[in-house]
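Novice: Structure for this input, please:
(chains A and B)
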Protein chains: 2
Amino acid sequence: MSVPDLEFYRLPDIPLVGSGDDLGRMLSRAIAAAGLTLKQGDILAIAQKIVSKSEGREVKLADVEAGEQAHALARECDKDPRLVQLILDESLRIVRKRPGVIIVEHRNGIVLANAGIDRSNVDGEQDRVLLLPADPDGSARRLREALAAESGVAPGILITDSIGRPWRMGSLGVAIGCSGVLALADLRGRPDLFGRPMETSETSPADALAAAATLAMGEAAEGTPAVLIRGWPATGDDQPASAILRPAAEDLFR
Amino acid sequence: MSVPDLEFYRLPDIPLVGSGDDLGRMLSRAIAAAGLTLKQGDILAIAQKIVSKSEGREVKLADVEAGEQAHALARECDKDPRLVQLILDESLRIVRKRPGVIIVEHRNGIVLANAGIDRSNVDGEQDRVLLLPADPDGSARRLREALAAESGVAPGILITDSIGRPWRMGSLGVAIGCSGVLALADLRGRPDLFGRPMETSETSPADALAAAATLAMGEAAEGTPAVLIRGWPATGDDQPASAILRPAAEDLFR
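Specialist: Numbers count the residues shown, from 1 in each chain, chains lettered A, B, ... in the order given. Just a heads-up that it's a prediction; the model follows:
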């Protein structure tokens, strides 16, 4: 009987998360409910949505006052001016815009549509939206500590979001926050099969794991917002997901 | 004992692949050598490199004559003019260039650096390079048929390559060819947890699986060029990876 090298376990038993909830404890219970025990090297992939909810990042659109720039951009892009105001508040700059699409560089450095503000799966009234965590890498660090306190094992943490990309259709899960996971692996100069130095420079284990974990989470009503990843060693290092962000000055596409 | 929902098995026992080799048979043997038996729904992720090698896509740089445009571009981008000639031959257009970097739209529609031409892990002399398969979706279809003939089960096939991306550092595995795998999943209009239609439009299961499979393959001398994925149902459909490519006219970044 062969044993898989890399495994993804869905954690279905996560209750609806609200502001102030102890997410570390909820995740710890969901791991136990799935019949699992955290082991050294395990990584927990957690959907941004429940992290944001636990951190009280919901905003009522009725409480937002749209300024002049937001009104103009809302007309141009055919969006709610209050949502556009929030997008502007959350962003450093607009990267591209056209009707229906506003792609920005978020204050945290991530380039994504609508500053990652999401209307789906937010409990309560129709006019509530959810912002990204204020500091996703900090959230990941804190969740790592909380899980370590609960279980005695510090898992790697990936906070994932599903974002669009140039050139290719279909959103893909990426790591917007992480702790104790290899964000980037540098391969430069390592020998290839024939002893020549590799030409590929870097890969992003964190993003690769986030992509498959997001797929395993599923979507819509049948989805689960957390997945345990086993078989890819979490590094001990506290490498932030912000390390994955390409500096704007080196980027040919913004 | 909990069972993983999504599993990746490395297939280490793949011999060096040469032009004309029966890759279907080699993969079939590697699956058996790993103690596995193909099951309905299994997906085989295969690195582009061994597909290209089996299809004789190696080129000797000494056999390439660089034209005027290639010489000029080679000077501008600090590359071998013969390699640049191959990049131009393989491409529809140049998307971005600067010293050290030529990003093109490949004739197959994929946007990537150096038209995906690779010097690493090519056997033999230093001056041999490897082009992408001429028709990666066709290669995937043929491999699916070959595996089905060997084993009686038609696995989904992903032909993967590791490519760079805007905004984020670190290359990521994507599906450059596929057969019998959901290239894109359309979620539009499906109800979320609270019954409201989802706003996210599409995801790419093929690319998400390719990302993690490429991570599981590993890199450099300790890598293996094929991984078996279990737990994500291959569709029966023969969906090509070309469906993932965003039409140039709808792309804000080329």
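
Novice: can you tell me if stretch A:96-109 touches chain B.
Specialist: Yes: interface with chain B: stretch A:96-109 contributes A:96, A:98, A:101, A:103 (C-beta under 8 Å from any C-beta of the partner chain). No exception for glycine: its C-beta is placed from N, CA and C like everyone else's.

Novice: so how far does that stretch reach from one end to the other?
Specialist: 15 Å (C-alpha to C-alpha, to the nearest Å).

Novice: okay, and the helix or strand of chain A with the least pLDDT?
Specialist: Every helix and strand in chain A was compared by mean pLDDT, DSSP states H and E; the lowest is strand A:185-186, with a mean of 82.

Novice: where does the next helix-or-strand element following that strand sit relative to the chain's centre, distance-wise?
Specialist: Using DSSP states H and E, the helix or strand that follows strand A:185-186 in sequence is strand A:202-203. Relative to its chain's centre, strand A:202-203 lies at 19 Å (C-alpha atoms, centre = their mean, to the nearest Å).

Novice: I'd like to know which elements the very next helix or strand once past strand A:202-203 is packed against.
Specialist: With elements assigned by DSSP H and E, the helix or strand that comes after strand A:202-203 is helix A:205-217. Packing partners of helix A:205-217 (3 or more C-beta pairs under 8 Å, 6 or more residues apart in numbering or on different chains; DSSP states H and E): strand A:6-10, strand A:43-47, strand A:156-163, strand A:172-179, strand A:226-230, strand B:6-10, strand B:172-179, helix B:205-217.

Novice: Just send the residues of stretch A:96-109 next to chain B back as JSON lines, with neighbour count and secondary structure too.
Specialist: JSON lines is the format used below for these (neighbours: other C-beta atoms under 10 Å in any protein chain shown; DSSP: H, G, I helix; E, B strand; the rest coil):
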{"residue": "A:96", "neighbour count": "15", "secondary structure": "strand"}
{"residue": "A:98", "neighbour count": "11", "secondary structure": "strand"}
{"residue": "A:101", "neighbour count": "14", "secondary structure": "strand"}
{"residue": "A:103", "neighbour count": "22", "secondary structure": "strand"}
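
Novice: For those residues, give me TSV that also has pLDDT and distance to residue B:86.
Specialist: Converted to TSV, the residues of stretch A:96-109 next to chain B look like this (pLDDT from 0 to 100; distance: C-beta to C-beta, whole Å):
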residue	pLDDT	distance to residue B:86
A:96	94	32
A:98	90	35
A:101	88	36
A:103	95	33
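
Novice: Those: which two are farthest apart?
Specialist: Spanning the widest gap among the residues of stretch A:96-109 next to chain B are A:98 and A:103, at 9.2 Å by C-beta to C-beta.

Novice: what is in contact with those two at once?
Specialist: Listed as contacting both residue A:98 and residue A:103 by C-beta atoms under 8 Å, 6 or more residues apart in numbering or on different chains are residue B:252.

Novice: Poorly predicted segments of the stretch 51-200 of chain A, please.
Specialist: A:120-126, A:187-200 (pLDDT under 70).

Novice: Helices of that one, start to end?
Specialist: A:68-77, A:81-89, A:136-151 (DSSP state H, counting those that start in this stretch).

Novice: ok, is the last one in contact with chain B or not?
Specialist: Which is helix A:136-151. No: judged by C-beta under 8 Å from any C-beta, helix A:136-151 makes no contact with chain B; its nearest approach is 14.1 Å.

Novice: Could I get the buried residue list for that helix?
Specialist: Judged by neighbour count (16 or more other C-beta atoms under 10 Å in any protein chain shown), helix A:136-151 contains these buried residues: A:136-137, A:139-144, A:146-147, A:150-151.

Novice: ok and that helix relative to strand A:172-179, angle-wise?
Specialist: With axes from the mean of the first three to the mean of the last three C-alpha atoms, to 10 degrees applied, the angle from helix A:136-151 to strand A:172-179 works out at 70 degrees.

Novice: what angle sits between helix A:136-151 and strand A:156-163?
Specialist: Angle, helix A:136-151 to strand A:156-163, by the same axes, to 10 degrees: 140 degrees.

Novice: now for helix A:136-151, which elements pack on it?
Specialist: Using 3+ C-beta pairs under 8 Å, 6+ apart, the elements in contact with helix A:136-151 are helix A:23-33, strand A:43-47, helix A:48-54, strand A:156-163, strand A:172-179.

Novice: Nearest to residue A:109, out of these?
Specialist: Proximity to residue A:109, assessed across the helices and strands packed on helix A:136-151 by C-beta to C-beta, is greatest for strand A:172-179 (9.7 Å).

Novice: how much does that closest one deviate in direction from strand A:226-230?
Specialist: Using the same axes, to 10 degrees: strand A:172-179 against strand A:226-230 is 80 degrees.

Novice: and strand A:172-179, does that touch chain B?
Specialist: Yes: Strand A:172-179 reaches chain B (C-beta under 8 Å from any C-beta) through A:172-174.
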